[in-house]
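Visitor: below are the sequence and a predicted model for it; my questions follow.
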Amino acid sequence: MRIHIQAIQFTASEQLIEFIEKKVAKLEHFYDRIIDVEVYLTLDNKSSHIKDKIARIKVNLPRVQLVASERSKLFETAADLSIESIKRQLKRYKEKLRGQ
């Protein structure tokens, strides 16, 4: 599984990149056919005076793409919430495959 992390309009710290890679790598426990994962980190400065952080995760599976996007005051929290959403989607996808 290839993990690609892209920080848009800022430079992500090494700790943040390692944190996200470690969390995303655990997705393989839920589904072992993940082709690659793309993580986009952006700052949303339109919503308020305090900049919100957005973590958008795209998981590419054979013939299917799962996407989750979450917003928080910290990238770590936004990434955690996005990964939890992807986990739920992976579980639903596996159940759907079993039913066919």
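Guide: Ah, there it is.

Visitor: quick one, phi/psi of residue 65?
Guide: Taking degrees, to the nearest 10, you get phi -130, psi 130 for the backbone angles of residue 65.

Visitor: of all residues in the chain, which one is nearest the centre?
Guide: In the chain, the centroid-proximal residue (Cα atoms, centre = their mean) is residue 57; its distance is 3.0 Å.

Visitor: helix, strand or coil for that residue?
Guide: strand (DSSP: H, G, I helix; E, B strand; the rest coil).

Visitor: between the two ends of stretch 23-30, how far is it?
Guide: Its start and end residues considered, stretch 23-30 measures 12 Å (Cα to Cα, to the nearest Å).

Visitor: and that stretch, average pLDDT?
Guide: What stretch 23-30 shows for mean pLDDT is 95.

Visitor: how close does the closest residue to the residue nearest to the centre of the chain other than its chain neighbours sit to residue 99?
Guide: Counting by Cβ to Cβ, 6 or more residues apart in numbering, residue 57 lies nearest to residue 82, which is 4.5 Å off, once chain neighbours are set aside. Where you see a C-beta, it was placed from the backbone N, CA and C, and this is true even at glycine. Distance, residue 82 to residue 99, using Cβ to Cβ, to the nearest Å: 26 Å.

Visitor: repeat that for residue 6.
Guide: Distance from residue 6 to residue 99, by Cβ to Cβ: 35 Å.

Visitor: so those two - more neighbours on which side?
Guide: Taking neighbours as other Cβ atoms under 10 Å, residue 6 and residue 99 compare with residue 6 leading, 11 against 6.

Visitor: quick one: secondary structure of the more buried one?
Guide: Residue 6 - assigned by three-state DSSP - is strand.
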